[in-house]
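Engineer: Predicted structure and sequence below. I'll ask about it afterward.
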There are 2 protein chains.
Amino acid sequence: MTNEFLFQKIKEKKSFLCVGLDVDLEKIPKHLLKEEDPIFSFSKAIIDATHTYAVAFKTNLAFFEAYGVKGLKSFKKVSDYLNDRYPYHFTIADAKRGDIGNTAARYAKAYFENFGYDAITVAPYMGKDAVSPFLEYKNKRTILLVLTSNTSAKDFQYSKENDLLLFEKILKFSQDWDNSKNLMYVVGATKSESLKSIRKIVPESFLLVPGIGAQGGSLKEVVNVGLNSQCGLLVNSSRAIIYASDNYDFDIVAAEKAKNLQLEMKDYLKSAAII
Amino acid sequence: MTNEFLFQKIKEKKSFLCVGLDVDLEKIPKHLLKEEDPIFSFSKAIIDATHTYAVAFKTNLAFFEAYGVKGLKSFKKVSDYLNDRYPYHFTIADAKRGDIGNTAARYAKAYFENFGYDAITVAPYMGKDAVSPFLEYKNKRTILLVLTSNTSAKDFQYSKENDLLLFEKILKFSQDWDNSKNLMYVVGATKSESLKSIRKIVPESFLLVPGIGAQGGSLKEVVNVGLNSQCGLLVNSSRAIIYASDNYDFDIVAAEKAKNLQLEMKDYLKSAAII
């Protein structure tokens, strides 16, 4: 999916919401545990309920891997369902992979080819040659971790070299890599104070922003400094949507939560004269 | 598995060899492709042929994930085989995972509990709270990426802040984390010139050293500066062992290659009066 197509969808749906599928069997409604594949049943219901309000879905690999082969079978079913039923939604495998070139190429094959995702999140620590195998896929997006939403992000991401913080250095360097137009970046909503300097380095890039809701980031603050003329934002919410109710009405309540975010986003897009 | 037990095994086997299972269906002997599960058949044959000379096995997740659900089923079979048949070998899931706390906890559950590994490789970029869920497993080892074997390692890992390189900062910081005794570190064999400064910071830690063989690192150089009184090294070889022959004799040739490395290691252990 191209950035232009994604922007078109954002305008059509008046939304830049990404719904995150972090499926935890201890948190989903109890009645679903009787189903043959509770992870898939829950994911399908959430997807069907929220797709109207979202332009993107993000699956979180750890939550599937935690259940071993069974979890990975559910992951395949969820991925296939997204591809078959919602081919115009932008799909992100939140895998945060990163390894030497020949290994990175295998991860790219797994998520872009085998599971059919539009994008994957990738860790930057190992540098250019660990990311380039992902960037070689012309119609796919590689979403590089830059500034993450967790408290310990400060441990290393703010390391300073010649007045340049590490996450800024990664942004700058990566702009010179081959196929850098295929890059997007992860910036945590809890780090909106750094969004201004990030937007100076990558004014046109799409940013995937996790951390609103359960992690405490503010959508308004993110929009204030993060929005660009092509929107340039995908804001993710996982727990605050998918676990808003643990009862029979879970999908209805999830849809309401997603709709509330979408309506807020619509206002921001209007204020910025994007729609 | 404790470090003391691992050291005991190193002395018994006169080896600190880790055999890496990076199984690529395009590189394994053609006759195995007729088997029901070629990935497992190849892995099993390599494990059986080399276990005498190795103290550890490392599975590389990317190579299994590349084949989707089928690959993950093979991964489970290989992991179970290692646990059932070779419980005294140190097993490493080379997954290079790294994510916020609640997600990291799911990865820890996946590899330590579900797939039963002794250790997992973890990326440091997100800081302490992304690593601590792994460190909470008392009898498991968390192997933090510090200085990797690839060319682009220099892009960010050598970033300098107040005379401290980023990989040195990670080493220092991580020593103060809770349960830091459960940490080991990845240091590429191609970076042996930095091993001296690494050993100054972590004189007693075990280092997992990939990059000899196909990537061009030298075992001798690694040993010269990396060996400590408890050995402190696990040196990995993947491609140079497992793809030494692509014919019917692949397991025999793999065993020869592993044996040659083990004999070299035995000499180094003797010279250092460890055995």
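Structural biologist: Yep, that arrived.
Engineer: Give me the pLDDT for the closest residue to residue A:272 other than its chain neighbours.
Structural biologist: Closest residue to residue A:272 apart from its sequence neighbours, by CB to CB, 6 or more residues apart in numbering or on different chains: residue A:227 at 5.4 Å. Any C-beta I mention is one placed from the backbone N, CA and C, and that applies to glycine too. Residue A:227 carries a pLDDT score of 97 in this model.
Engineer: residues touching residue A:227, list them.
Structural biologist: Counting by CB atoms under 8 Å, 6 or more residues apart in numbering or on different chains, residue A:227 touches A:233, A:268, A:272, A:274.
Engineer: Correct me if wrong: the last one contacts residue A:8.
Structural biologist: Okay, so that is residue A:274. No. Taking contacts as CB atoms under 8 Å, residue A:274 lies outside contact range of residue A:8: 11.7 Å.
Engineer: Settle it for me: which of these two has more neighbours?
Structural biologist: The residue with more neighbours, out of residue A:274 and residue A:8, is residue A:274; 18 against 13, by other CB atoms under 10 Å in any protein chain shown.
Engineer: how close does the residue nearest to residue A:272 sit to residue A:265?
Structural biologist: 10 Å (CB to CB, to the nearest Å).
Engineer: what do you get for residue A:52?
Structural biologist: 13 Å.
Engineer: So which of those two has more stuff around it?
Structural biologist: Taking neighbours as other CB under 10 Å, residue A:52 and residue A:265 compare with residue A:265 leading, 25 against 12.
Engineer: Contacts for the strand or helix carrying that one, please.
Structural biologist: Residue A:265 is located in helix A:250-271, with elements delineated by DSSP states H and E. Residues outside helix A:250-271 that contact it (CB under 8 Å, 6+ apart) are A:10-11, A:13-17, A:19, A:28-29, A:42, A:45-46, A:48-50, A:52-54, A:219-220, A:223, A:227, A:231, A:235, A:237, A:240-245, A:275.
Engineer: which of the contacts of residue A:227 count as buried?
Structural biologist: The neighbour count (16 or more other CB atoms under 10 Å in any protein chain shown) marks A:233, A:268, A:274 as buried among the contacts of residue A:227.
Engineer: which SS class is the last one?
Structural biologist: What that stands for is residue A:274. Three-state call for residue A:274 (DSSP: H, G, I helix; E, B strand; the rest coil): coil.
Engineer: need the contact list for it.
Structural biologist: Counting by CB under 8 Å, 6+ apart, residue A:274 makes contact with A:10, A:11, A:227, A:229, A:231.
Engineer: Quick check: it vs residue A:107, distance?
Structural biologist: Taking CB to CB, one finds residue A:274 at 34 Å from residue A:107.
Engineer: how long is stretch A:159-166 from one end to the other?
Structural biologist: The separation between the terminal residues of stretch A:159-166, taken as CA to CA, to the nearest Å, is 5 Å.
Engineer: Rounded mean pLDDT for that stretch, please.
Structural biologist: 96.
Engineer: That one and chain B in contact?
Structural biologist: Yes. Residues of stretch A:159-166 are located near chain B by CB under 8 Å from any CB of the partner chain, namely A:159, A:160, A:161, A:166.
Engineer: so how far is that stretch from its chain's centroid?
Structural biologist: 26 Å (CA atoms, centre = their mean, to the nearest Å).
Engineer: now stretch A:42-57
Structural biologist: Worked out by CA atoms, centre = their mean, stretch A:42-57 lies 14 Å from the chain centre.
Engineer: All set now, cheers.
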